[in-house]
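Asker: Show me the folded form of this:
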Amino acid sequence: SRGATATDHGVLSARTINATQDSKESLFARLLAGESTPEDASTFRAIMLFEHARMASEDGLVMQLHPGSLRNYDASVFKDYGADKGFDIPLETHYVKELAPLLEAFGFNPNFRMVLFTLDESAYSRELAPLAGAYPSLRLGPPWWFHDSLNGMERWRESVTETAGFYNTVGFIDDTRAFCSIPVRHDVARRFDAGYLSREVARHRISKSDAVELAADIAYNLSKDFFRL
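Answerer: Here you go, the predicted model:
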């Protein structure tokens, strides 16, 4: 009702659990009593990610998943300077097994939509592209954070396009807090995609007319449509 279109979930892993009501109540009671274990905390996060997906399938907000960053890696730097000082480190991240409960429940729900990001480049072609090609609810987010660069964009596009194509990606979307950088980052992404498409035309993989249509879709229409704007 206030114009929001999406939620954003920064999590350590993509793990999800479809828990029974009894197990959720038991876990919550332990948390409130201060008797939880590290495994309980991990389980709670996995259950909550599943429940957020349930809510997204009901209210239509697009769910964005940003897993796999170990925040504030160096304790001494965090103590002396605080958070967000360049000591957030990418982790190996798994999606196929971790998202299975969520996708089994909501992957074919016509009202559910999710954008997947990763800092683990090894997951591009092994996990993310096949998942996006299989589930109509999924789209691949653009290269994120450490990989938001010309070389990072090229590695991403080369890894995912053969399996996921262009239309299982969401275009270039930006969640940066560096507000003044947004136009520049979009310009870089559009220039890269224009170069990539022109190369595909030169290799006779797509026609010039298809490339022109794809350029507009990647730059604008894919995001507009998926976020119901």
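Asker: Wait, residue 47 touches residue 24, no?
Answerer: Yes: counting by CB atoms under 8 Å, residue 47 does reach residue 24; the two are 6.2 Å apart. Using the backbone N, CA and C atoms, a C-beta is placed for each residue, glycine as well.
Asker: Quick one: the helices in the chain, in order.
Answerer: Under the criterion DSSP state H, the chain contains helices at 21-32, 38-59, 75-81, 100-106, 123, 129-134, 150-164, 182-202, 208-216, 222-226.
Asker: before we move on, the earlier item: tell me which of residue 47 and residue 24 has more neighbours.
Answerer: residue 47 (20 against 16; other CB atoms under 10 Å).
Asker: Next, count neighbours for the residue nearest to residue 207 when sequence neighbours are not counted.
Answerer: Spatial nearest neighbour of residue 207, excluding adjacent residues (CB to CB, 6 or more residues apart in numbering): residue 201 at 7.0 Å. Here the count is done by other CB under 10 Å, and residue 201 has 15 residues near it.
Asker: cool, and residue 151?
Answerer: Residue 151, neighbours per other CB under 10 Å, totals 10.
Asker: In contact with it: list those residues for me.
Answerer: Counting by CB atoms under 8 Å, 6 or more residues apart in numbering, residue 151 touches no other residue.
Asker: mind starting the numbering at 42 from now?
Answerer: Sure, I'll start counting at 42 from here, so that last one is residue 192.
Asker: State the distance from it to residue 130.
Answerer: 19 Å (CB to CB, to the nearest Å).
Asker: quick one: the residue of the chain most remote from its centre and residue 62, what's the gap?
Answerer: For the chain, the largest distance from the centre (CA atoms, centre = their mean) belongs to residue 74, which lies 33.8 Å off. Per CB to CB, residue 74 is found 19 Å from residue 62.
Asker: And residue 173, by the same measure?
Answerer: 32 Å.
Asker: The two - which one has more neighbours?
Answerer: residue 173 (25 against 7).
Asker: and the more buried one, what does it touch?
Answerer: 157, 179-181, 201, 205, 209-210.
Asker: Reformat those residues as TSV; add distance to residue 262, neighbour count and pLDDT.
Answerer: Below are those laid out as TSV (distance: CB to CB, whole Å; neighbours: other CB atoms under 10 Å; pLDDT from 0 to 100):
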residue	distance to residue 262	neighbour count	pLDDT
157	20	22	98
179	18	23	98
180	13	25	98
181	16	23	98
201	18	22	97
205	17	22	97
209	14	21	98
210	12	24	98
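Asker: Now for the residues you listed: which two are most distant?
Answerer: 179 and 201 (11.9 Å; CB to CB).
Asker: remind me which residues of this protein are low pLDDT?
Answerer: Scanning the chain with the threshold set as pLDDT under 70 gives 42, 216-217.
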